[in-house]
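A.B. asks: The sequence isn't on hand, but the structure is:
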């Protein structure tokens, strides 16, 4: 069984930075960050895998966010720079056993509880 626990969310002004962390237990290969803005559906943010550590990013965050992982410490990170009010959302960590990145929610087997990120203008 895989367990995921996110941390690092909070309130930040536009243009600022935050680093989200996801501690995971169990054996995973592909991991991702998704987010759910207020009143909207959950959407893909970034994903990587053992086989593709550089990963993939959504167009809306490309050039501002970076996904990385420390496999020795069982940690996944999302470095978020140049934050905008539209980045406000609950951010979720997700994991899958397949060893490549995916943008699809239905491809992920395990989910964290989420961490709130609020960007003020």
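C.D. replies: That came through fine. None of the values given here were measured: they were computed from a predicted structure.

A.B. asks: for residue 93, what are its contacts?
C.D. replies: 4, 5, 6, 20, 22, 24, 31, 32, 33, 76, 111, 112 (C-beta atoms under 8 Å, 6 or more residues apart in numbering). C-beta coordinates here come from the backbone N, C-alpha and C atoms, glycine included.

A.B. asks: Pairing-wise in the sheet, spell out the partners of the residue lying closest to the third one once chain neighbours are set aside.
C.D. replies: Counting by C-beta to C-beta, 6 or more residues apart in numbering, residue 6 lies nearest to residue 115, which is 4.1 Å off, once chain neighbours are set aside. Listed beta-bridge partners, residue 115: residue 91 (assigned using DSSP bridges).

A.B. asks: are any of the contacts of residue 93 buried, and which?
C.D. replies: Using 16 or more other C-beta atoms under 10 Å as the burial test, the contacts of residue 93 include 4, 6, 20, 22, 24, 31, 32, 33, 76, 111, 112 as buried.
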